[in-house]
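Participant: Pasted the sequence and its predicted model underneath.
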Amino acid sequence: MSEIELKPLLAPAVADVLEMMFFSEVLGPGEPDSNANELEAHVAFAGETSGKVGIRISEPSARCLAASFLGESEDALTGAQIAQVVCELTNMLCGCIVSRMASRGSFNLDSPEFIRPHNENSTQISATQQSFEIEHGTLTVSLSLSASS
Amino acid sequence: MALNILIVDDSPVMRIFLRKVVELTGLPVGEYCEAGDGEAALAALRNRWMDLVLTDINMPRMNGEEFVRQLKRDEMLCDIPVIVVSTDASRERMDRLIKLGAKGYICKPFLPETLRDEVEKILGVQYV
């Protein structure tokens, strides 16, 4: 699948997941941010189509989404909870994007992997990606397919 | 009648979220119980009667498919309705879980109303 075919899958998935699961919304298109305070996670998937969905999100945005997701105040959240919510967000985006690509086929999602800021394994995104302005920052979503897809 | 609900998910934040969504549905809840995988869920169900189970699929130790399979083989537990709540929206997976005995399948993302409708349909009750 080409980037032209893949890119339109990202925005509706982000809008649906943020609205239904995080009671939040996309404010508009965003610019990729290489800020040190960004958190990252990715989920690999395999099946009819295989690849990886990754996200990068500003720490204040992640905190805000986590508070909304859990119904807690931002001050009450632990770093571990925020990381788990970032993983859940990635997992849901991956499921949503992949199901739009391969609704009739079967696929398996790996467990989400959280990447600590400044980790040397941090992904240098070279896939189809799109950034969205959300509350308190930016969410960048990337989708890469394996060569056989 | 208030419902006792078992939430089965390896993610602690997802379990908190599902409780919150159940509360948003307005369904009458008596007691919540939680388990992090299928094995823990079966153990919990043998200790305490639950009216409904909400389960994830991808979990360590015993995944959701195996959990549903074992629950349906257990004559004490087989009538407890199970709703799968998963990011996996593939038709093949849904069909497999329903064939194993799950009563419902909800794909994430979903609205609280979707969960409420599914619970009412499965239990054959309309909560006011």
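Facilitator: It's in.
Participant: Flag every residue of chain A that's near chain B.
Facilitator: A:16-17, A:19-21, A:47, A:66, A:69-71, A:81, A:84-85, A:87-88, A:91-92, A:94-96, A:99, A:102-109, A:111 (C-beta under 8 Å from any C-beta of the partner chain). (C-beta placed from N, C-alpha, C; glycine too.)
Participant: ok, which stretches of chain A are strands?
Facilitator: With DSSP state E as the criterion, chain A has strands at A:28-29, A:38-47, A:51-58, A:107-109, A:113-115, A:128-134, A:137-145.
Participant: Of these, which shows the lowest average pLDDT?
Facilitator: Per-stretch mean pLDDT for the strands of chain A is lowest at strand A:107-109 (a mean of 84).
Participant: Buried residues in that one, which are they?
Facilitator: Within strand A:107-109, the residues scored as buried using 16 or more other C-beta atoms under 10 Å in any protein chain shown are A:Phe107, A:Leu109.
Participant: and that strand, which strands flank it?
Facilitator: Next to strand A:107-109 in the sheet, as set by DSSP bridges, lie strand A:38-47 (antiparallel).
Participant: What ranges does chain B have for its helices?
Facilitator: For chain B, the helices defined by DSSP state H occupy B:12-25, B:38-47, B:64-73, B:91-100, B:112-123.
Participant: now these as CSV including distance to A:Thr128, mean neighbour count and mean pLDDT?
Facilitator: Formatted as CSV, the helices of chain B follow (distance: least, C-beta to C-beta, whole Å; neighbours: other C-beta atoms under 10 Å in any protein chain shown; pLDDT from 0 to 100):
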stretch, distance to A:Thr128, mean neighbour count, mean pLDDT
helix B:12-25, 27, 19, 96
helix B:38-47, 35, 18, 97
helix B:64-73, 30, 20, 97
helix B:91-100, 25, 16, 92
helix B:112-123, 29, 16, 96
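Participant: TSV for those helices, including distance to A:Lys52?
Facilitator: Shown next, in TSV, are the helices of chain B (distance: least, C-beta to C-beta, whole Å):
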stretch	distance to A:Lys52
helix B:12-25	21
helix B:38-47	27
helix B:64-73	23
helix B:91-100	20
helix B:112-123	28
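Participant: So which of those helices is nearest A:Ala76?
Facilitator: Closest approach to A:Ala76 among the helices of chain B is made by helix B:12-25 (11.8 Å; C-beta to C-beta).
Participant: The closest one packs against which elements?
Facilitator: Judged by 3 or more C-beta pairs under 8 Å, 6 or more residues apart in numbering or on different chains; DSSP states H and E, helix B:12-25 is in contact with helix A:59-70, helix A:79-101, strand B:3-8, strand B:29-35, helix B:112-123.
Participant: Ok, which of these comes nearest B:Asn58?
Facilitator: helix A:79-101 (8.7 Å).
Participant: chain center to the lowest-mean-pLDDT helix or strand in chain A, what's the gap?
Facilitator: Within chain A, judged by mean pLDDT, DSSP states H and E, the helix or strand with the poorest mean is strand A:107-109; its value is a mean of 84. The chain centroid and the centroid of strand A:107-109 are separated by 16 Å, computed with C-alpha atoms, centre = their mean, to the nearest Å.
Participant: now stretch A:71-78
Facilitator: Using C-alpha atoms, centre = their mean, the offset of stretch A:71-78 from its chain centre is 21 Å.
Participant: Quick one: end-to-end distance for it.
Facilitator: 14 Å (C-alpha to C-alpha, to the nearest Å).
Participant: Please point out which parts of it sit buried.
Facilitator: Here stretch A:71-78 shows A:Leu77 as buried, counting by 16+ other C-beta under 10 Å.
Participant: any weak-confidence spans in chain A?
Facilitator: A:1-3, A:35-36, A:103-105, A:117-126, A:147-149 (pLDDT under 70).
Participant: how about a cut-off of 90?
Facilitator: A:1-9, A:30-37, A:47-50, A:99-111, A:115-127, A:145-149 (pLDDT under 90).
Participant: And the contacts of the least confident helix or strand of chain A?
Facilitator: Defining contact as C-beta atoms under 8 Å, 6 or more residues apart in numbering or on different chains, one finds that strand A:107-109 is touched by A:43-50, A:91, A:94-95, A:98, B:58, B:87-88, B:90.
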